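Visitor: The amino acid sequence is not available; the structure is as follows:
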């Protein structure tokens, strides 16, 4: 493996765990990544992706609660500004729409429509970054073809305009999009980090702290060759 691969700098990214508890079982919105993709092919994952310039542009006009922004800026490497924290929440919302077709939004006219955000304007809705609560952070270990400094957010399905799934995923990122519970998870390929973040989500829901931005956030990464977790 080349030195170039090992030294890839992680890109800022965000994922969203949307949970649905309407039938007495906790289920999460997830997708099975297409087999042809370089990153986690065939794995069950949360919708998400890397931060884009359009997310930073829209973050000029929308904000997070101060407590959420402060929590997002904890840990090293640090985010530079609250706007950057808001942009990552928006990344999670935009990627969820792109990969599943579902909108975390509320009625209204978006204050701006940067590239990639047109579906919200078309639907006559405004994305809702304040609906998201920080859940976890993870940095992809060195040596992989893609590396991310990913923030994971938690949000209730009540924040969706419509929780019905599309018959066909809107992009080629996912082969299928599903609501999946703990028993169903056993039937899919799930990466270790995905399992750890899911465990953090189940723990928050069991503790009733899913809406509390002050709850501890696990930070997963590899340091000096050892996988570690610290709490922010």
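Guide: Nice, thanks for sending it over. Remember, predicted model here, so these are calculated numbers, not experimental data. Residues are numbered from 1 along each chain as shown.
Visitor: What is the helix of greatest length in the chain packed up against?
Guide: The residue-count maximum for a helix in the chain (DSSP state H) belongs to helix 82-100. Helices and strands touching helix 82-100, as assessed by 3 or more CB pairs under 8 Å, 6 or more residues apart in numbering; DSSP states H and E, comprise strand 11-20, strand 27-33, strand 48-50, helix 53-58, helix 66-72, strand 125-127, strand 148-156, strand 174-180. Bear in mind the C-beta positions are built from the backbone N, C-alpha and C, glycine included.
Visitor: Out of those, flag the one nearest residue 196.
Guide: Closest to residue 196 of the helices and strands packed on helix 82-100 is strand 148-156 (CB to CB; 10.0 Å).
Visitor: count of residues packed around residue 51?
Guide: Number of residues near residue 51 (other CB atoms under 10 Å) recorded here: 24.
Visitor: ok, back up a step: how about residues contacting the helix or strand just after the longest helix of the chain?
Guide: As assigned by DSSP states H and E, the chain's next helix or strand after helix 82-100 is strand 105-107. Contact with strand 105-107 is made by 93, 120, 123, 124, 125, 126, 127, 128, 161, as judged by CB atoms under 8 Å, 6 or more residues apart in numbering.
Visitor: Buried ones only from those, please, as a PyMOL command.
Guide: Command for PyMOL that selects the buried part of the contacts of strand 105-107, burial taken from 16 or more other CB atoms under 10 Å:
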select buried, resi 93+120+125+126+127+128
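Visitor: Is it possible to get CSV of the contacts of strand 105-107 that adds pLDDT and distance to residue 108?
Guide: Below are the contacts of strand 105-107 laid out as CSV (pLDDT from 0 to 100; distance: CB to CB, whole Å):
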residue, pLDDT, distance to residue 108
93, 98, 14
120, 97, 9
123, 96, 10
124, 96, 7
125, 97, 6
126, 97, 4
127, 98, 10
128, 97, 10
161, 95, 12
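Visitor: Check the contacts of strand 105-107 and tell me the two furthest apart.
Guide: 93 and 124 (16.0 Å).
Visitor: ok, back up a step: which of the contacts of strand 105-107 lies closest to residue 134?
Guide: The nearest member of those to residue 134, counting by CB to CB, is residue 93 at 13.9 Å.
Visitor: relative to strand 148-156, how tilted is the longest helix of the chain?
Guide: Relative orientation of helix 82-100 versus strand 148-156 (axes from the mean of the first three to the mean of the last three CA atoms, to 10 degrees): 70 degrees.
Visitor: residues of helix 82-100 that come out buried?
Guide: 82, 84-100.
Visitor: What are the buried residues along stretch 51-60?
Guide: Judged by neighbour count (16+ other CB under 10 Å), stretch 51-60 contains these buried residues: 51, 52, 54, 55, 56, 57, 58, 59.
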